[in-house]
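>>> here is a sequence together with a model predicted from it:
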Amino acid sequence: MNAADPTVLRALAAVTAERAEDAVLSVRDLTVRFRLRGGRSVAAVSDAAFDLGAGECLALVGESGCGKSVLASALLGLLPGNAETSGTALLEGEAGAGPTDLLAADEKTLARTVRGRRVGLVPQSPAGHLTPVRTVRSQLEETVRALTGTPRRARRKAAEDAAERAAFPAGHLDRYPHELSGGLAQRAATALALIGDARLLLADEPTTGLDRELVDRTVDELRRHVDEGRGLLLITHDLAAAARIADRVAVMYAGRIVETAPAHRFFGPAGPRHPYARGLLDALPDRAFTPIPGMPPELSALPEGCAFAPRCPLATDLCATRPEPHAGVACHHPEHPRA
Amino acid sequence: MLELDTVTAGYERRAPVFRGASLTVAPGESVGLLGPSGCGKSTLARVAALLHRPDAGRLVLDGTEVRAWRHRAPRELRTAVGVVFQQPRTAADPRLTLAEIIAEPLRATGRRAEADSRVAELAPAVGLTADLLTRRPHEVSDGQLQRACLARALTLSPRWLICDEMTAMLDASTTAALVAAVETYRAETGAGLLAVGHDRVLLNRWCDRTVEWKDCLPPKETR
């Protein structure tokens, strides 16, 4: 297939439009800048755009410090005060209501109707997310009380049901967070995220520091919640975890999404088309195990053109201008599928 | 030779983390130690790095049995071993610049005069640029800080390297870059390596041989 072919492009545009229509979350031109002292600014996220459907998992991958977590925080309105956000992030409305723009919503709306209720967050470090001084049961019951209208007598049962949905063993409900293993703490945090029955789940590096077996279990459980009809935005640097459960992959580099591709193509024999995405895959120990030369640029001093050009084997003079996204890839020299 | 002979270690006398673990690394050899979370492999790495006194058993480093432990082994032995931990954030003093972090082992051993030249040698070897060296940990990414922590482990040119989940927090490209830096150092100096981790694919690719944690323990004592 020739991606520059106008009919192919029209077809791709049609698919994108259709996806946006029944998306749980539809993000356009999402840009986040942090103002620093001395008039400098950090371009943490630039012009991010993607759609996420119900029953779909989109994996947002990239090196640490590329802006992935800032994007997630922006969607939940959890950025610090010196952040300036622009663009739109439309979250599907409930039962006939219109969509909510997460970037324009005020704190009251976010706190009372969005966080926990319409967007569930599976946090990066469950140990830091759970209150150390209270048992898992007490934290689940508190969340049940805050998010649902469950009467007092039914709360115990509701908390136990929530634990069961996240495969958290009932026998451990009366334990404190420090008495849990990493995997169980992760499930406790997932159980909390599921209580509000949100249609959209944000998982920010849910597998960092877990061993491979636990990573597989954790992401398989997340996949189960996706198959029940939720949309999942999985933010991770663990490509193996992404390969295991994602339907589509978005690659982020220096604050920009440089490629969006179906997971089977991205991880399959065809491979990604952006040289950075190829480099990331080639760095895996079961592939070439060769690092991408150099390091990512500073987000406070991004080059005018393509941010990856200084590290790119294919860079030419053309790369001094910024490539616009085109058929899912933002590159002047996209590679053709290998197979 | 780095020999751990039926070592028992832990943090409470009555409830050691493991009992009777044995492991040998030959000079210049790289050994990967594989085990699940919480099995005690990090404690074993701390013992091998001479940072944690075992409750029982022998540790022999290049033919010398390590004695006179206090909390740690004596300094003249410890300087033969470089160690890199999983979490660079908790392994680096937040008040120091990256250059000072890398030079710390020289300061600690009274060789401050060599610091500048050694840092200038090591920074490019681990892929750190000059502008990063003047920053403090909160101004760099995890990957950049871990590069500095690896450089610090190499500062005293150790004959042995212990890497405890060195790359567990890092992305694929930084992982490959750090492993390449370790291997370049080993090719130049002939240093031996004990890499502890849970990623079988990574350790198989990286090391001459990998051993399972359960095979380090005596039979029947499977915790």
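Done, it's in. Keep in mind it's a predicted model, so treat the numbers as computed, not measured.
>>> where exactly do the helices run in the stretch 1-150 of chain A?
Assigned by DSSP state H, counting those that start in this stretch, the stretch 1-150 of chain A shows helices spanning A:6-21, A:68-75, A:107-109, A:126-129, A:136-147.
>>> quick one: closest of those to A:Ala277.
Of all the helices of the stretch 1-150 of chain A, helix A:68-75 sits nearest to A:Ala277, with 14.3 Å by Cβ to Cβ. The way it works is simple: take the backbone N, C-alpha and C, and place the C-beta from them, glycine included.
>>> for that closest one, packing partners?
Helix A:68-75 is packed against strand A:23-35, strand A:41-53, strand A:57-61, strand A:83-91, strand A:200-204, strand A:231-236, with contacts defined by 3 or more Cβ pairs under 8 Å, 6 or more residues apart in numbering or on different chains; DSSP states H and E.
>>> try 7 Å this time
Applying 3 or more Cβ pairs under 7 Å, 6 or more residues apart in numbering or on different chains; DSSP states H and E, we find helix A:68-75 packed against strand A:23-35, strand A:41-53, strand A:200-204, strand A:231-236.
>>> which of the ones you listed sits closest to A:Glu324?
strand A:41-53 (9.4 Å).
>>> per-residue pLDDT, residue 182?
Since you didn't name a chain, this refers to chain A. With respect to pLDDT, A:Gly182 scores 76.
>>> um, chain B though
97.
>>> ok, now the one 3 residues further on?
Among the per-residue scores, B:Tyr185 holds a pLDDT of 97.
>>> contacting residues around the residue nearest to it when sequence neighbours are not counted?
Nearest non-adjacent residue to B:Tyr185, counting by Cβ to Cβ, 6 or more residues apart in numbering or on different chains: B:Leu154, 5.6 Å away. With contact taken as Cβ atoms under 7 Å, 6 or more residues apart in numbering or on different chains, B:Leu154 is in contact with B:Gly82, B:Leu122, B:Tyr185.
>>> where's the last one, which helix or strand?
This means B:Tyr185. helix B:172-189 (DSSP states H and E).
>>> same deal with the second one?
Assignment of secondary structure by DSSP H and E places B:Leu122 within helix B:115-125.
>>> now A:His332
Counting by DSSP H and E, A:His332 is part of no helix or strand.
>>> wait, it sits on A:Arg322?
No - the criterion here is Cβ atoms under 7 Å, and A:His332 misses it with A:Arg322 at 9.4 Å.
>>> for A:His237, see how far away the closest residue to chain B within the stretch 51-200 of chain A is.
For the stretch 51-200 of chain A and chain B, the shortest gap (Cβ to the nearest Cβ) falls at A:Gly65, measuring 3.8 Å. To A:His237, A:Gly65 is 10 Å away according to Cβ to Cβ, to the nearest Å.
>>> over to B:Ala148?
To A:His237, B:Ala148 is 19 Å away according to Cβ to Cβ.
>>> who's more crowded, those two?
B:Ala148 (29 against 26; other Cβ atoms under 10 Å in any protein chain shown).
>>> list the buried residues of the helix or strand bottoming out on mean pLDDT in chain B.
Within chain B, confidence by mean pLDDT, DSSP states H and E is lowest for helix B:75-78 among all helices and strands, at a mean of 88. Applying a neighbour-count criterion of 16 or more other Cβ atoms under 10 Å in any protein chain shown, one finds B:Leu77, B:Arg78 buried in helix B:75-78.
>>> how far out from the middle of the chain is that helix?
Its chain's average C-alpha position is 14 Å from that of helix B:75-78, according to Cα atoms, centre = their mean, to the nearest Å.
>>> correct me if wrong: B:Leu217 contacts B:Ala21.
Yes - taking contacts as Cβ under 7 Å, B:Leu217 lies within contact range of B:Ala21: 5.6 Å.
>>> compare those two (neighbour count), which wins?
B:Ala21 (27 against 19).
>>> and the more buried one, what element?
Using DSSP H and E, B:Ala21 falls in strand B:18-25.
>>> can you count the residues close to the closest residue in space to A:Ala146 that isn't next to it in sequence?
Distances taken as Cβ to Cβ, 6+ apart put A:Gly116 closest to A:Ala146, at 7.5 Å, once the chain neighbours are dropped. Per other Cβ under 10 Å, the neighbour tally for A:Gly116 reads 22.
>>> any idea how far B:Cys39 lies from A:Glu213?
Counting by Cβ to Cβ - B:Cys39 and A:Glu213 are separated by 12 Å.
>>> who wins for proximity to B:Val60 among the helices and strands packed on helix A:68-75?
Per Cβ to Cβ, nearest to B:Val60 of these: strand A:231-236, 42.1 Å.
>>> send me the closest one as CSV with only the CA atoms.
This file holds the C-alpha atoms of strand A:231-236, laid out as CSV (Å, rounded to 0.1, in the frame of the first residue of the first chain):
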residue,chain,number,x,y,z
GLY,A,231,-11.6,2.3,26.8
LEU,A,232,-8.1,2.0,28.2
LEU,A,233,-5.3,4.5,27.7
LEU,A,234,-2.2,2.6,28.7
ILE,A,235,0.9,4.8,29.3
THR,A,236,4.0,2.7,29.5
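>>> from the contact counts, what lies against it?
Here strand A:231-236 touches strand A:41-53, strand A:57-61, helix A:68-75, strand A:200-204, helix A:212-227, going by 3+ Cβ pairs under 7 Å, 6+ apart.
>>> neighbouring contacts of the longest one?
For helix A:212-227, contacts defined as Cβ under 7 Å, 6+ apart pick out A:55-57, A:166-167, A:182-183, A:186, A:190, A:194, A:201, A:203, A:206-207, A:210, A:232, A:234, A:238, A:241, A:244-245, B:36-37, B:198-199.
>>> hmm, 6 Å instead?
The contact list for helix A:212-227, computed with Cβ atoms under 6 Å, 6 or more residues apart in numbering or on different chains, reads A:Cys57, A:Ala167, A:Gly183, A:Gln186, A:Pro206, A:Thr207, A:Leu232, A:Ala241, A:Arg244, A:Ile245, B:His198.
>>> next, the second one: secondary structure please.
Here A:Ala167 takes the coil state, with states given by DSSP: H, G, I helix; E, B strand; the rest coil.
>>> need the contact list for it.
Neighbours of A:Ala167 in contact, by Cβ under 6 Å, 6+ apart: A:Arg187, A:Glu221.
>>> for burial, what's the neighbour tally of residue 103?
No chain specified, so I'll use chain A. Neighbour number of A:Leu103 under other Cβ under 10 Å is 20.
>>> you answered for a different chain; I wanted chain B.
Applying the criterion other Cβ under 10 Å, we find 24 residues in the vicinity of B:Ala103.
>>> same check, this time on B:Val179
Neighbours of B:Val179 (other Cβ under 10 Å): 23.
>>> state the distance from it to chain A.
Distance of B:Val179 to chain A, given as Cβ to the nearest Cβ, to the nearest Å: 7 Å.
>>> so who does that residue touch?
B:Trp206.
>>> separation between it and B:Arg205?
Distance of B:Val179 to B:Arg205, given as Cβ to Cβ: 8 Å.
>>> likewise for A:Asp47?
A:Asp47 is 37 Å from B:Arg205, by Cβ to Cβ.
>>> just the strands in chain B please.
For chain B, the strands defined by DSSP state E cover B:2-9, B:18-25, B:30-34, B:56-61, B:64-65, B:81-84, B:160-164, B:192-197, B:209-212.
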